[in-house]
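> with the input below, show me the fold.
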Amino acid sequence: PSSLSAPSTASPRSAICCPPDPRRNMPTLIAAGSSEAALAFVEIGAVVLGLAILARLAGRLGITAVPLYLMAGLALGEGGLVQLNVTEDFISIIAEIGVLLLLFTLGLEYSDVELRNGLRTGVLPGIVDMLLNGLPGVAAGLLLGWSPLAAVLLGGATWVSSSGVVSKVLSDLHRLGFRETPAILNLLVIEDLAMAVYLPVVAALIVGGTVVATLTSVAIALVVVTIILLSALFYGRKLSDLLIGGSDESLLLAVFGVTLLVAGIAQQLEVSGAIGAFLVGLALSGQAEKRAIQLITPLRDLFAAIFFLFFSFQVDPAKLLDALLPAFGLAVVTAFTKMLTGWFAAKRVGAAQKGRLRAGATLIARGEFSIVIAALGAGLIEGPELGALVAGYVLVTAIMGPLAAKYANNIKLPTRKKDQPIPA
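Predicted coordinates:
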């Protein structure tokens, strides 16, 4: 793997205190590792330019660029047509920041009043979501002969929609102000909050932890989520007033720093960093909110594109082929159950039938949480099979979801008898 910076062989202390000849050593320091750095710059630049071409193509086709980014990642990743040597850690960090910025900007579009209403009314849709989409995964795992724990992990992977893909689809298709969008956001928040309980529980079961240790992990997660949530609801205006002063540069740096800081603290305490980023966006209001969304949107688009590329970048196409058939079958079943979930949730907020269809189609895509859940089970006997199946499943749904959301309005619904014209 290449590196963006070359290690220096000289002691930093000696270089500062008593450099023998700065004019003679400087060309040497610049030249050291320059070929590696140049190769890294060329690779990253070529990738970003490729993403720009794909984004333009998606714009011409009138669809979101997410499916094109995912297919590009397959072509450039492990076992693909061209394998890049850019350090994985570097790309991974950028990809994670992309998810956080997606969720942060999603939070900016969502008011604290809407969140309160969503938490009050979103429990029932959340339960319906869990049952309709988690049980097919559990059933598939048991049918494959897996252990109950591996089946539960597969159920978790089929349950949770991708916040990153869904937020990108809503933004690209300009649907953030649509009637059904609050129902979609409510489900995403409920799912993220549910993951704060689910992930510590399954992690403890995998390592064989005691009941006390499992309960302690869950309690810590719930406390952290509650603190972040209450802070966003009750101290958001003070945060906005604190950040609004100063130049655009200072606001951008402050917002970016606060988002990463809160997400990092949440993740350190085994809570989804996505929840922290979402709630930071939720906390901002007024002029701080308007300026923040203008400043952060270009950064979000860059980092988010890297996230979608990196996600499929890690999937070996050869291993994917073996799991593609069951993954596709599971994707078809759970696409239908997500459509039912979205229909139910959007109906509760008064959306029309087309809006209910759009809600269900938008929720089809699975992503980051599904991969995290599969990674937790890597040490199980069924770990390799679980990883390959989930990778294929996520890729299929992440491509299927944005396309279904784009063309959901074209689905013809049956006309009610009372609406049909009476024959003469």
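
> going by C-alpha atoms from here, please, whenever you check contacts or count neighbours.
Will do.

> so how far is residue 382 from residue 142?
Noted for residue 142: a distance of 12 Å to residue 382, by C-alpha to C-alpha, to the nearest Å.

> go on, residue 241?
When residue 241 is compared with residue 382 (using C-alpha to C-alpha), they lie 52 Å apart.

> please apply the same query to residue 94.
The spacing between residue 94 and residue 382, counted by C-alpha to C-alpha, is 30 Å.

> how about residue 393?
Counting by C-alpha to C-alpha, the gap from residue 393 to residue 382 is 16 Å.

> the two - which one has more neighbours?
In terms of neighbours (other C-alpha atoms under 10 Å), residue 393 is the more surrounded of residue 393 and residue 382; the figures are 28 against 17.

> do I have it right that the more buried one meets residue 327?
Yes: here residue 393 reaches residue 327: they are 4.5 Å apart, a contact under C-alpha atoms under 8 Å.

> okay, and the common contacts of those two?
Residues touching both residue 393 and residue 327 do not exist when contact is defined as C-alpha atoms under 8 Å, 6 or more residues apart in numbering.

> may I see the buried residues of stretch 310-320?
Judged by neighbour count using 16 or more other C-alpha atoms under 10 Å, the buried positions of stretch 310-320 are 310, 311, 312, 313, 314, 315, 316, 317, 319, 320.

> work out for me the element the second one sits within.
This means residue 311. Residue 311 belongs to helix 286-313 when assigned by DSSP states H and E.

> same question for that helix, mean pLDDT?
Here helix 286-313 scores 84 as its mean pLDDT.

> stretch 323-330 too?
Model confidence over stretch 323-330 averages 92 on the pLDDT scale.

> residues of it that come out buried?
Residues 323, 324, 326, 327, 328, 330 are the ones in stretch 323-330 that count as buried (16+ other C-alpha under 10 Å).

> so which of those comes closest to residue 410?
Using C-alpha to C-alpha, the shortest approach to residue 410 within the buried residues of stretch 323-330 belongs to residue 328, at 23.0 Å.

> residue 393 is in contact with that closest one, correct?
Yes: here residue 328 lies in contact with residue 393, judged by C-alpha under 8 Å, at a distance of 6.4 Å.

> please name the nearest non-neighbouring residue to residue 155.
Take residue 155 and drop its neighbours on the chain: the residue closest to it by C-alpha to C-alpha, 6 or more residues apart in numbering is residue 137, 3.9 Å away.

> so who does that neighbour touch?
Listed by C-alpha under 8 Å, 6+ apart, the contact set of residue 137 reads 151, 152, 154, 155, 156, 157, 158, 159, 330.

> could you do residue 63 as well?
Shown here is residue 63, whose contacts under the criterion C-alpha under 8 Å, 6+ apart are 172, 173, 402, 403, 406.

> what's the spacing between it and residue 400?
Counting by C-alpha to C-alpha - residue 63 and residue 400 are separated by 12 Å.

> how about residue 48?
As defined by C-alpha to C-alpha, residue 48 lies at a distance of 24 Å from residue 400.

> and these two? Which one has more around it.
Neighbours of residue 48 and residue 400, each counted by other C-alpha under 10 Å, are more numerous for residue 400; the result is 20 against 15.

> which intervals of the stretch 201-350 of the chain have sub-threshold pLDDT?
Within the stretch 201-350 of the chain, the set of residues satisfying pLDDT under 70 comprises 209, 270, 272, 314-315.

> how about the helices of it, start to end?
Secondary structure of the stretch 201-350 of the chain, counting by DSSP state H, counting those that start in this stretch: helices at 211-244, 248-268, 273-283, 286-313, 317-348.

> so which strand or helix has the residue nearest to residue 155?
Taking DSSP H and E as the definition, residue 137 sits inside helix 123-143.

> how big is the angle separating that helix from helix 317-348?
With axes from the mean of the first three to the mean of the last three C-alpha atoms, to 10 degrees as the basis, helix 123-143 and helix 317-348 are set at 150 degrees to each other.

> redo the buried residues of stretch 323-330 as TSV? Include distance to residue 350.
Compiled in TSV, the buried residues of stretch 323-330 are given as follows (distance: C-alpha to C-alpha, whole Å):
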residue	distance to residue 350
323	40
324	38
326	36
327	34
328	33
330	30
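
> farthest pair in these?
In those, two members sit farther apart than any others by C-alpha to C-alpha. They are 323 and 330, at 10.8 Å.

> show me the contacts for the nearest residue to residue 101 once chain neighbours are set aside.
The spatial neighbour of residue 101 that comes closest, neighbours along the chain excluded (C-alpha to C-alpha, 6+ apart), is residue 300 at 5.3 Å. Under the criterion of C-alpha under 8 Å, 6+ apart, the neighbours of residue 300 are 98, 101, 102.

> same question, residue 204
Contacts for residue 204 were tallied using C-alpha under 8 Å, 6+ apart; they are 210, 213, 214.

> picking up where we left off before, can you tell me which of the buried residues of stretch 310-320 lies closest to residue 344?
Nearest to residue 344, judged by C-alpha to C-alpha, of those is residue 311 at 30.2 Å.

> from residue 387, how far out is that closest one?
Plainly put, residue 311 is 13 Å away from residue 387 if you go by C-alpha to C-alpha.

> packing partners of the helix or strand residue 39 falls within?
Counting by DSSP H and E, the secondary-structure element that holds residue 39 is helix 34-61. Secondary structure elements in contact with helix 34-61, counted by 3 or more C-alpha pairs under 8 Å, 6 or more residues apart in numbering; DSSP states H and E, are helix 66-76.
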